[in-house]
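A.B. asks: I'll drop the sequence and a predicted model, then ask my questions.
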Amino acid sequence: MLNYYERLGVSKDATNDEINSAFRRNARKFHADSNDGINADALMRELIHIRDTLLDKDKRRQYDATLGNANSKNNTNKEKEDLRRQAEELFREKEAYKWKAEQLKRERDNNIPPNVHVVEKTVVKVVRRGGCISRTISTIVFIFVITLFVLNWVTSRELTREREAEREQERIEYITGIAETYQISFEEAEQKLAEMEKLENAIIGFWRASGDGFPIIFTEDGEFIFYENGVKQTHSFEVVDSNVYIVNEDGDVRTIRASVTSRVNLRFDGDHFTKATLLEATNESIVGKWNRPIAFPIEFDGGSTMIRHEGWRELFFTYVVTNDNMLIVTDKDGNIEFESMIFLIETADEEQLLGRSVLDSLGRKLVDFYHRVE
């Protein structure tokens, strides 16, 4: 297991300032502009992951516990290896004794009377009869195991039928409740439930805001994920009629207006949302040039270099996309120039790269969106 402290060159009780200082020192040492022939991209990824882990109290506590367990595991593996060697030595000694016994038996056979062999044959017959008894016991055990398996299968089928019956009963009670609430017939309530289930299935996925808002996500597990001022929030959701109700941990409820016609339309916090396909954001998938209105174009080379085109000037930076969709851009001295969560999405017309912009005049964190240049 990689020792993060040794990798940065700090002690296990190092402070946050010491960790940041060691990170910048290593970032300068392994920066792509200063090194040829090494995988600077992979090294920067590793250094950023180590720094983020050690600066977060909870992640650092969990890592320290894992590191301690790994050291304990290494000791345990050493003990197992010692036991294995001892077992091999015992096995070799056993084979040596066996070979010696066979040699003594051959010498004895050459010198003993014929009637002794008759006794040995009798003993062999008794042993063989014992083997028959052993096979009979094995057969009985096999039949017993098969019987248990069949009984378990039958019981499982009965439990499955019972659960299906319970779910059907719950569905009937739910439809009955809808009918009583809206004063409609059972058939009409069943149709209303089908429409709500259709809407629930239709909203599952990734949604892009038409304005400067952050995207929202509905999962099949009933989770609603959104980014309030760029901070990830996870709540539960429930579909009732054409409304989607968002419920947080405190029981507070927010409403999203939704409708299904030729396509699904969502409205949340004063913004409209359209469905898009969320692609995996990696160093390789964002390769290329990206434009945004009233902003300088940016370009990613697929290795670890980001270029910002400012008219006739070109500014070079090092970038990395982490596993949690964070884009981290550093200058040649290892200082973080920009850090933002990004989304690579595909619409009907093009690919877009979404990321947090700087604060606007009201202090809100908005979303920049760049269009891929062919």
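C.D. replies: Done, it's in. Treat the numbers as computed from the prediction; the structure is a model and nothing was measured. Residues are numbered from 1 along each chain as shown.
A.B. asks: all contacts plus neighbour counts: C-alpha atoms, from now on.
C.D. replies: Fine.
A.B. asks: give me the residues contacting whichever strand or helix holds residue 41.
C.D. replies: Using DSSP states H and E, residue 41 sits within helix 40-55. With contacts defined as C-alpha atoms under 8 Å, 6 or more residues apart in numbering, helix 40-55 is touched by 4, 8, 16, 19-20, 23, 26-27, 30-32, 59-60, 63, 303-304, 319-322.
A.B. asks: poorly predicted segments of the stretch 101-250 of the chain, please.
C.D. replies: When the per-residue scores of the stretch 101-250 of the chain are filtered using pLDDT under 70, the ranges that remain are 106-135, 211-212, 228-230, 241-242.
A.B. asks: where along it do the helices fall?
C.D. replies: With helices called from DSSP state H, counting those that start in this stretch, the stretch 101-250 of the chain shows them at 115-182, 186-203.
A.B. asks: most packed of the ones you listed?
C.D. replies: Compared across these, helix 186-203 shows the largest average neighbour count, a mean of 17 (mean count of other C-alpha atoms under 10 Å).
A.B. asks: now residue 22: closest residue in space, sequence neighbours ignored.
C.D. replies: residue 8 (5.8 Å; C-alpha to C-alpha, 6 or more residues apart in numbering).
A.B. asks: against residue 14, how distant is the one you found?
C.D. replies: Note on residue 8: its distance to residue 14, by C-alpha to C-alpha, to the nearest Å, is 10 Å.
A.B. asks: who has more neighbours, those two?
C.D. replies: Summary of the neighbour comparison: residue 8 and residue 14, criterion other C-alpha atoms under 10 Å, with residue 8 having more neighbours (20 against 12).
A.B. asks: so the more buried one sits against residue 29, correct?
C.D. replies: No. The criterion here is C-alpha atoms under 8 Å, and residue 8 misses it with residue 29 at 11.5 Å.
A.B. asks: I'd say residue 279 and residue 344 touch.
C.D. replies: Yes. The pair formed by residue 279 and residue 344 meets the contact definition of C-alpha under 8 Å, at 5.4 Å.
A.B. asks: from the contacts of helix 40-55, which land in strands?
C.D. replies: Counting by DSSP state E, the contacts of helix 40-55 place 319-321 in strands.
A.B. asks: on the three-state scheme, residue 332 is what?
C.D. replies: On the three-state scheme (DSSP: H, G, I helix; E, B strand; the rest coil), residue 332 is labelled coil.
A.B. asks: distance check, it against residue 316.
C.D. replies: 8 Å.
A.B. asks: same deal with residue 283?
C.D. replies: Distance from residue 283 to residue 316, by C-alpha to C-alpha: 16 Å.
A.B. asks: okay, those two: which has more neighbours?
C.D. replies: Taking residue 283 and residue 316 together and counting by other C-alpha under 10 Å, residue 283 has the greater number of neighbours (19 against 16).
A.B. asks: hang on, that one is in a helix, isn't it?
C.D. replies: No. Checked against three-state DSSP, residue 283 lies outside a helix; its state is coil.
A.B. asks: for it, give me the pLDDT.
C.D. replies: pLDDT for residue 283: 85.
A.B. asks: quick one, which of residue 279 and residue 344 is more surrounded?
C.D. replies: Ranked by neighbour count (other C-alpha under 10 Å), residue 279 and residue 344 place residue 344 first, with 21 against 14.
A.B. asks: what about the more buried one, which helix or strand?
C.D. replies: strand 336-346.
A.B. asks: what's that strand packed up against?
C.D. replies: Judged by 3 or more C-alpha pairs under 8 Å, 6 or more residues apart in numbering; DSSP states H and E, the packing partners of strand 336-346 are strand 271-279, strand 326-330, strand 351-359.
A.B. asks: buried set for it?
C.D. replies: Within strand 336-346, the residues that qualify as buried are 339-345, counting by 16 or more other C-alpha atoms under 10 Å.
A.B. asks: neighbouring contacts of it?
C.D. replies: Taking C-alpha under 8 Å, 6+ apart as the criterion, the residues outside strand 336-346 that touch it are 230, 276-281, 286, 324-331, 351-356.
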